[in-house]
Each structure stands twice: as C-alpha cells, then as structure tokens.
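Student: model the structure of this input:
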Amino acid sequence: MARRQHVRPTQLEEPVARKPTPPGTPQSTSVGHIVDLVRGAVPPLHPAGLPFVLAPLGVAVLGRKRKWVRRGALTSAAACAAFFRHPHRVPPNRVGVVVAPADGEVALVDSAVPPSELDMGTEPLPRVSIFLSVLDVHVQRSPVGGEVTKVVHRPGQFLSADLADASEVNERNSMLLHTPEGHDVAVVQIAGLLARRIVCDAKVGDTLPIGDTYGLIRFGSRVDTYFPAGTTLLAERGQRTIGAETVIAQLP
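Tutor: Residues are numbered from 1 along each chain as shown. The predicted structure follows:
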C-alpha cells in the first residue's frame, strides 16, 4: 500500500511595508554619490594654479625613489592646491547690496580718495578694505553686477598689504563697474609683501554678474572697494568676510 505523502500548503508571505524614498535621494552604495560628496567637500582648483601644482607633482614623480624629495614635493603640491582653491559661492539676490570681493579680514572701513587712474574725482568716498592672508581663498569676485567701464594696472611697490599706505604705493589693478541702477563701484586688487602677480580676466565692455570670479592675487594681498557717496557701509573692522556672500554695503 502506497504511503500517503503529506504536502504542507504553500504559505503566501505578506509584503513588508517600506517607507517611500524621497525623490532625488542617492543610493548609499553608489560610487557616483561618493564622488559627488568628495567634490562638494574639496573645492576645485583655479586654472591659474595648475602650473604651481603640476610642477611639484612632476618633481615627486622624478624623485620618487628618494623619500624626502617625494614628500616635500607632494607637500608643496598640496599647499599650492589649497592656496589656489576656487570654492563655489551663492551671492544674495537682494537689490542694491554689495558683496565682499574676497575672503579675508576687514582691515579698514573709512573714506578715501579712489585711485586717480579711475577718474572718480578727488573727494573721499566710502571704502572697505579686505586683507587676505596666505591661508585665505585668493580669487576675487565682482562686488556688484554691472558693466566693466575701466580696467587699469599700475606698477608699484610690494609693502605689506595690511599697511594703510599699500593702497597708494603698492602695485595694483583697478576696475570700475557701472551698475544697471547707475552707480559706480570700484574694486582694487593690491599686491602684498609676497605677492608678485595680479591676475584680472575682466575687460572693458564685459558684463559681470554679482559674485562672479574675475581674477586673483598670488600669495598675500588686499582688495579695496570704493562706493558712491550715500552708501551705507555694513562691514566692521576685524570682521571675517566670505567672498561673493558677505554683504558689506547697501547702495543708495
């Protein structure tokens, strides 16, 4: 007599409820997500700094068999990459504001006669001066949106950029911007004790959005901004600024 086999009925498993994933949420194991996180944490390199990074990297490759040469070259490349970093910034969208043209510390909040090469007159105008140490981001950004009406480079000395006389005697590059509202705002790149090169990519006739990168100064410097009469200065001496984001003045 054949044995009867007892077959256990199949049990249907109920699906486990899952919380919905918010739209745009990346997968935790995605390589692309990790790359995006690294890119967000490590700012890109300004093109002007590329030769300063590649040169020590080349030395590191050629001297890779000598530990002290390799380590020194890699350290130099890392330092240059940090100096020429170019982080992304988001300027405010309020009408009439002036943002800091550079990262650094506010050294002066006063009134002074603008550089003579800009033909802005001989009367003192409101000014904010920002000192950049070698540890600060050294790209310069447009303090307002407007048309570039003048760009003038003037050779000079290389005194310490934190001295008051540096605005007058040091090598500098002066740029005048005319806003759509009819205001003239001047921004002046001033070389410092270690700086030997001012880079300005803006040209007369260009239209710069507020916060747009237009140049940089190599190794310690200062940036002065001159405003029209009646401007309300919002910066304070000793304040730390973030280029393109910190509001330093309100135009009349």
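
Student: strand partners (parallel or antiparallel) of whatever helix or strand A107 lives in?
Tutor: Here A107, judged by DSSP states H and E, is contained in strand 104-112. Sheet pairing for strand 104-112, assigned by DSSP bridges, gives strand 125-132 (antiparallel), strand 240-241 (antiparallel).

Student: closest to V152 out of these?
Tutor: With respect to V152, and counting by CB to CB, the nearest of these is strand 125-132 at 16.9 Å. Bear in mind the C-beta positions are built from the backbone N, C-alpha and C, glycine included.

Student: ok, which stretches of this protein are helices?
Tutor: For the chain, applying DSSP state H gives helices covering 31-41, 50-62, 67-83, 166-169.

Student: re earlier: looking at the strands paired with strand 104-112, which is buried most?
Tutor: Of all the strands paired with strand 104-112, strand 125-132 has the most neighbours on average by mean count of other CB atoms under 10 Å, namely a mean of 24.

Student: who's in contact with that strand?
Tutor: For strand 125-132, contacts defined as CB atoms under 8 Å, 6 or more residues apart in numbering pick out 100-114, 138, 161-162, 167, 192, 217, 220-229, 231, 233, 235, 241, 248-249.

Student: what is the mean pLDDT for it?
Tutor: Taken as a whole, strand 125-132 has an average pLDDT of 96.

Student: same question, stretch 59-67
Tutor: Rounded mean pLDDT across stretch 59-67 is 77.

Student: what's the pLDDT at V35?
Tutor: Here the pLDDT value assigned to V35 is 50.

Student: could you find the closest non-adjacent residue to G230?
Tutor: The shortest distance from G230 to any non-neighbouring residue, by CB to CB, 6 or more residues apart in numbering, is to P252 (3.6 Å).

Student: ok, that neighbour touching D184?
Tutor: No: if you go by CB atoms under 8 Å, P252 and D184 don't touch, sitting 11.9 Å apart.

Student: looking at those two, which one has more neighbours?
Tutor: Legend: neighbour count by other CB atoms under 10 Å for P252 and D184, higher for D184 (19 against 12).

Student: ok, that one - contacts?
Tutor: D184 neighbours (CB under 8 Å, 6+ apart): 120, 149, 176-178, 228.

Student: go again using 10 Å as the cut-off
Tutor: By CB atoms under 10 Å, 6 or more residues apart in numbering, the residues touching D184 are 114, 118, 120, 125, 144, 146, 149-150, 176-178, 226-228.

Student: now the buried members of the residues you listed.
Tutor: 114, 118, 120, 125, 144, 146, 149-150, 176-178, 226-228 (16 or more other CB atoms under 10 Å).

Student: using a markdown table, lay out the residues you listed together with distance to V199.
Tutor: Shown next, in a markdown table, are the buried ones among the contacts of D184 (distance: CB to CB, whole Å):
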| residue | distance to V199 |
| --- | --- |
| P114 | 22 |
| L118 | 19 |
| M120 | 23 |
| L125 | 26 |
| V144 | 20 |
| G146 | 20 |
| T149 | 20 |
| K150 | 17 |
| L176 | 18 |
| L177 | 18 |
| H178 | 22 |
| Y226 | 21 |
| F227 | 24 |
| P228 | 27 |
